[in-house]
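Undergrad: Turn this into a structure:
(one chain, ligands or ions: 2)
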Amino acid sequence: MRCKKCPQRAAIKLPQHNISFCKDCFTEFVHSQVAKAIKSQKMFTPEDHILVAVSGGKDSLALWAILLKLGYHADALYLDLGIGNYSVQSRHKVDHFHETVAQPQGATLHIHTLAENEGAGVKELATMMHRPTCSTCGTMKRYHFNRAALEKDYDVMATGHNLDDEAARLLGNVLRWQTEFLDKQTPTLPASVDGFAKKVKPLYRLTEREMAAYAVINKISYIVDECPMAKGSKMLVYKDVLNRLETESPGTKQSFYLKFLDKQAKEQASTGSITSHDQQRLTPCQTCGQPTSMEVCTYCKMMAKAKAHV
Ligand code: AMP
Ligand code: ZN
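TA: Ligands and ions are numbered 1, 2, ... in the order given. Down below sits the predicted model:
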């Protein structure tokens, strides 16, 4: 089988696009999809300073690599959650990528360690607060990503969510008709309220399989294991269901999420409503100053509970 764009032998087949590419043309295809995402969703410009949240996984490390290759100012933030060997290994991958690829291009890596700053890892914090680990982890990530972007003066915060992540999340929200969450499922969330950083997902057009192939082809060493806390999560079930549909009819995932975005954009253009944080009334948290719909934000409430436990 030959590459669609050049005479070389094809290395990957993309049934949803009905195309095969060699390694070089596939790399170019991924870059063009990211460039299209950035432009069409007005994510950022070459003048902006971007903070990429890197987990050590394929998506976020590849995103950092791609943004640097495309010539953007992209630094990164790693949140050390203190999840045993999983966090040790993922930190190792992030450090290695920083030292070998990003630092030589002038990019900085910021690290926030929960054990040092919050006094314990996410599992221990969750136990102290009698809350599920994954929701505690979600609160920690949202809080620290936003806070780091604002305090370190970045224009925008980027995460490595891919098409599989977004389609699975959309399926979960649709199954429960959580329309308030549907409104926020856009690849660009503007910083329309003081205290909220602009947030973007430049990989939303690319599948998990495409991102894994990109990382392997471009020799990006990443942590292959899923987070041990995610075992049995609903998101993994939704991803599996979507993959089965995708095998039966290629392109299902893409049309499910991208057509949702088209429909949403049309509705917003006609109603003039803005997809952002400002649908809720937000005020600064009395403890930390971050925006919240309550007097004290969820993070500060959680930390107060954890401290009371010690
Ligand atoms: P997940 O919620 O684990 O699917 O991760 C989604 C995105 O969040 C990743 O692509 C990263 O951009 C970011 N992320 C997840 N875990 C971390 C972490 N420990 N440190 C920094 N960023 C992370
Ligand atoms: Zn707070």
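Undergrad: Could I get the contacting residues of A74?
TA: Residues touching A74, when contacts are defined by CB atoms under 8 Å, 6 or more residues apart in numbering, comprise 50-52, 64, 67-68, 107, 158. For glycine as for every other residue, the C-beta is placed from the backbone atoms N, C-alpha and C.
Undergrad: which parts of the stretch 151-300 of the chain sit against ligand 2?
TA: 285, 287-288, 297, 300 (CB under 5 Å from the ion).
Undergrad: will you turn those into JSON lines that also has pLDDT?
TA: JSON lines is the format used below for those (pLDDT from 0 to 100):
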{"residue": "C285", "pLDDT": "91"}
{"residue": "T287", "pLDDT": "93"}
{"residue": "C288", "pLDDT": "91"}
{"residue": "C297", "pLDDT": "92"}
{"residue": "C300", "pLDDT": "94"}
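Undergrad: Those residues into JSON lines, with extra columns for secondary structure and distance to V237?
TA: Below are those laid out as JSON lines (DSSP: H, G, I helix; E, B strand; the rest coil; distance: CB to CB, whole Å):
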{"residue": "C285", "secondary structure": "coil", "distance to V237": "34"}
{"residue": "T287", "secondary structure": "coil", "distance to V237": "37"}
{"residue": "C288", "secondary structure": "coil", "distance to V237": "35"}
{"residue": "C297", "secondary structure": "coil", "distance to V237": "31"}
{"residue": "C300", "secondary structure": "helix", "distance to V237": "33"}
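Undergrad: any idea which of the residues you listed has the most stuff around it?
TA: Neighbour tally across these (other CB atoms under 10 Å): the maximum, 23 neighbours, falls on C297.
Undergrad: phi, psi of that residue?
TA: Backbone torsions of C297, given as degrees, to the nearest 10, read phi -70, psi 160.
Undergrad: how far away is it from ligand 1?
TA: 20 Å (CB to the nearest ligand atom, to the nearest Å).
Undergrad: Is the closest residue to W64 other than its chain neighbours in a helix, a strand, or coil?
TA: Nearest residue to W64 in three dimensions, chain neighbours excluded: V52, at 4.8 Å (CB to CB, 6 or more residues apart in numbering). Secondary structure assignment for V52 (DSSP: H, G, I helix; E, B strand; the rest coil): strand.
Undergrad: contacting residues around V52?
TA: V52 is in contact with 60, 63-64, 67, 74-77, 158-160, counting by CB under 8 Å, 6+ apart.
Undergrad: Ok, K266 next?
TA: By CB under 8 Å, 6+ apart, K266 has no neighbours at all.
Undergrad: just to revisit the earlier point, which ones among the contacts of V52 map onto strands?
TA: Among the contacts of V52, DSSP state E puts 74-77, 158 in strands.
Undergrad: Need phi/psi at V224.
TA: phi -80, psi -30.
Undergrad: now it: how far from D59?
TA: According to CB to CB, to the nearest Å, V224 and D59 sit 12 Å apart.
Undergrad: out of these two, which sits in the more crowded spot?
TA: Using other CB under 10 Å as the criterion, V224 and D59 rank with D59 on top: 24 against 11.
Undergrad: list the contacts for the more buried one?
TA: With contact set as CB under 8 Å, 6+ apart, D59 has these partners: 160-162, 165, 203, 208, 211.
Undergrad: Compare those and tell me which has the most neighbours.
TA: Counting by other CB under 10 Å, top hit in the contacts of D59: L203 with 30 neighbours.
Undergrad: contacting residues around it?
TA: 34, 37, 59, 62-63, 160-163, 211.
Undergrad: Please identify the helix or strand for it.
TA: Here L203 is covered by no helix or strand, with elements defined by DSSP states H and E.
Undergrad: Off-centre distance for the one helix or strand K199 maps to?
TA: Element membership for K199 (DSSP H and E) is strand 198-200. On the basis of CA atoms, centre = their mean, to the nearest Å, strand 198-200 is displaced by 10 Å from the centre of the chain it belongs to.
Undergrad: now do stretch 37-48
TA: 16 Å.
Undergrad: swap in stretch 133-146?
TA: Stretch 133-146 has its C-alpha centroid displaced from the chain centroid by 12 Å (CA atoms, centre = their mean).
Undergrad: Return it as CSV; C-alpha atoms alone will do.
TA: Output in CSV follows, covering the C-alpha atoms of stretch 133-146 (Å, rounded to 0.1, in the frame of the first residue of the first chain):
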residue,chain,number,x,y,z
THR,A,133,-10.2,9.7,44.3
CYS,A,134,-11.1,10.6,40.7
SER,A,135,-13.3,13.6,41.7
THR,A,136,-10.6,14.9,44.1
CYS,A,137,-8.1,14.5,41.4
GLY,A,138,-10.3,16.4,38.9
THR,A,139,-10.7,19.3,41.4
MET,A,140,-6.9,19.4,42.0
LYS,A,141,-6.2,19.5,38.3
ARG,A,142,-8.7,22.2,37.5
TYR,A,143,-7.6,24.3,40.4
HIS,A,144,-3.9,24.1,39.8
PHE,A,145,-4.0,24.3,36.0
ASN,A,146,-6.0,27.6,36.3
